[in-house]
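Q: generate a structure from the sequence data that follows.
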Amino acid sequence: MRKRRSDTNQFDEGKRIMMKGVNGDKKAVKEAHDIFLGLRKAEANNALIEAYYGSTLTLLARDAVEPIEKADNAQEGLDSLNRAVSINPKNKEIRLLRAKVCLRLPESYFHCSQTAIEDLTYLLNRYKKDSTYLTTDQVQEITKDLHTAQQNAKNN
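A: Next comes the predicted model:
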């Protein structure tokens, strides 16, 4: 039981640090990546850990200087996010993470706007069946992101 509590605390800490990375802190990106890499080794089939691990890889890609490192990290991150969705396709947080990453990757190279459209549509459809599934702010943001993904797909 003690290990589970420790992993939960580490997971929450990893998410907190990752958000600093999302906001531009490159050191935080590396720290969050290390945390999720360790958690991933401990729980290989945990979809949520896999999704956050993949997200940190895409942040490493964003911050990389070398084009090959950028491309490799981004693709590996996208592969991890896809694996997370295949493990747990109904998880809202995983779908939101993957959609956000897909929106930020260059469509001309990664061709993942359609994946973002699928995730965002899935979330909105769940909301239509259960109005407590998403908050009003989430619905507005998802609707805006869906429009962006559709524009990206149309333009490429």
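Q: how about the helices in the chain?
A: In the chain, the helices defined using DSSP state H lie at 2-22, 26-42, 47-63, 67-87, 92-104, 107-110, 113-129, 136-155.
Q: between the second one and helix 47-63, how many degrees?
A: Calculated by axes from the mean of the first three to the mean of the last three C-alpha atoms, to 10 degrees, helix 26-42 forms an angle of 150 degrees with helix 47-63.
Q: state the mean pLDDT of helix 26-42.
A: Averaging pLDDT along helix 26-42 yields 97.
Q: other residues contacting that helix?
A: If you take C-beta atoms under 8 Å, 6 or more residues apart in numbering as the criterion, helix 26-42 is touched by 7, 10-11, 13-15, 17-18, 20-21, 46, 49-50, 52-53, 56-57, 59-60, 62-63. Every residue, glycine included, has its C-beta placed from N, CA and C.
Q: 7 Å instead?
A: By C-beta atoms under 7 Å, 6 or more residues apart in numbering, the surrounding residues in contact with helix 26-42 are 7, 10-11, 13-14, 17-18, 20-21, 49-50, 52-53, 56-57, 59-60, 63.
Q: in it, which residues are buried?
A: Neighbour counts using 16 or more other C-beta atoms under 10 Å place 28, 29, 30, 31, 32, 33, 35, 36, 39, 40 of helix 26-42 among the buried residues.
Q: if I pick the most centrally placed residue in the chain, what's in contact with it?
A: In the chain, the residue lying closest to the centroid (C-alpha atoms, centre = their mean) is residue 97, at 2.8 Å. Each residue near residue 97 by C-beta under 7 Å, 6+ apart is listed here: 51, 55, 81.
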